[in-house]
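# need a 3D model of the following:
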Amino acid sequence: MNLFRVIAEPSKTHPNFRRAMHSAYKGARDVLSSWAEEFVDRDGKFVHEFQTTFNSGFWELYVFAALKRFGFTPDLSFRVPDFVITHPYAFCIEAVIAQAAQGSCNEWERKLESFWGDLQTLVRTPLVDQATVRLANAISGKNEKFETQYSKLDHVRNKPFVIAVAPFEQPFFYLQLNKAILRVLFGYDGQPPESAEQVNQEHKARWTSSIRKPNGAEIPLGYFTNAQMPNISAVLFSNTATFGKLQALSTDSQYRTMFQVFRFDASTRCLVQKVHEKEEYQESLLDGLSVFYNPFATYALPRALFGGSEVAHYSYDAENGILRFDVPNNALFHRLAATIAPKD
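Predicted coordinates for the structure are as follows:
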């Protein structure tokens, strides 16, 4: 499957696809092509849709590459859901992205001056609010699709069902870290508490049960704190599976590339910001990936399945009202890549 042999009308290609075709990103294209190895285009439209919509196809290819890295064997003979895993454990996974609301700015419509303001002041509240709404919409939409369609399929029935979701809903979406997804799944609005005492005291005000949309409608949150979505066994999430991931994994160094990263320091439980040149920077495929488990799932997903040393795990202790998390030292929470290259 040749992702970069242009078959779509040039005027209809996605801005991110056109960016990927720049001569500076040959190495990035090679990485993405490697993700697509063994991938099956089941409806004959994937390449065209990849070139015209890009983000959803990009995320699906990342999930496919990650599943292979974990050692899973997907049966790609089924059209839906996206991946039916047969080994070493049987479960299904559906990929989805959070997209911009109608009338909102798309993620590729970035203004550098706005970015630097956000980066320096770290005012993320409006960004996280918008991400919360759009992620909730994406996950609830797939839950509804499971109930109305997927649950009736023999190859899906009686198996854990996982949603893999990525945020592409606004410019600089990657600055949300994991704040929005923690709200959506656990109703948590801050860093995870370490004990029941913290939940009952200073952390009590950090739990939230809903968020208000711009039109005034209330969206319930905390999907995994009760039995409202038992069909979903777990959620995979990454805000770092972006074009920057390709640049980080690429061996191409024709032009100067800089990486700004936030990584977790387990000794201080804080995020540490660093800037690296391409030549000194290392990142893995699974860096930045998190798994969120639903304690109320009809079919639980064994945590040991996603055993990468870079992967963060989150679960909710319903009996004690505690969010439990296992975040490895040096876990990636944010990465920005910038390449200095002439225009083609």
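# contacts, neighbours, all on C-alpha from now
Will do.
# can you give me the helices in the stretch 1-150 of the chain?
In the stretch 1-150 of the chain, the helices defined using DSSP state H, counting those that start in this stretch lie at 15-20, 26-35, 46-53, 55-70, 112-121, 125-148.
# residue ranges in the stretch 101-250 of the chain under the pLDDT threshold?
Residue ranges of the stretch 101-250 of the chain with pLDDT under 70: 111-124, 191-205.
# and the nearest residue to residue 62 once chain neighbours are set aside, what does it touch?
If the residues on either side of it in the chain are set aside, residue 62 comes closest to residue 35, at 6.6 Å by CA to CA, 6 or more residues apart in numbering. Contacts for residue 35 (CA atoms under 8 Å, 6 or more residues apart in numbering) come out as 61-62, 64-65.
# tell me the contacts of residue 279?
By CA under 8 Å, 6+ apart, residue 279 lies in contact with residue 253.
# send the alpha carbons of the helix or strand harbouring residue 258 over as CSV?
Residue 258 belongs to strand 256-265 when assigned by DSSP states H and E. Only the C-alpha atoms of strand 256-265 are listed here, as CSV (Å, rounded to 0.1, in the frame of the first residue of the first chain):
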residue,chain,number,x,y,z
ARG,A,256,18.0,20.8,11.8
THR,A,257,15.2,19.6,14.0
MET,A,258,14.5,20.6,17.6
PHE,A,259,12.3,18.8,20.1
GLN,A,260,10.7,20.4,23.2
VAL,A,261,9.5,17.7,25.6
PHE,A,262,7.7,17.3,29.0
ARG,A,263,8.6,14.1,30.7
PHE,A,264,7.6,12.7,34.1
ASP,A,265,10.2,12.6,36.9
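# what's that strand packed up against?
If you count contacts as 3 or more CA pairs under 8 Å, 6 or more residues apart in numbering; DSSP states H and E, strand 256-265 packs onto strand 270-277, strand 332-340.
# list the pairing partners of the longest one within its sheet, with orientation.
Applying DSSP bridges to the sheet, strand 332-340 is found paired with strand 256-265 (antiparallel).
# and the angle for the partner strand with strand 270-277?
Angle, strand 256-265 to strand 270-277, by axes from the mean of the first three to the mean of the last three CA atoms, to 10 degrees: 160 degrees.
# what residues does strand 256-265 touch?
270-278, 281, 327-341.
# 10 Å - rerun?
24, 177, 244, 247-248, 270-282, 287-288, 327-341 (CA atoms under 10 Å, 6 or more residues apart in numbering).
# I am finished for the moment; much appreciated.
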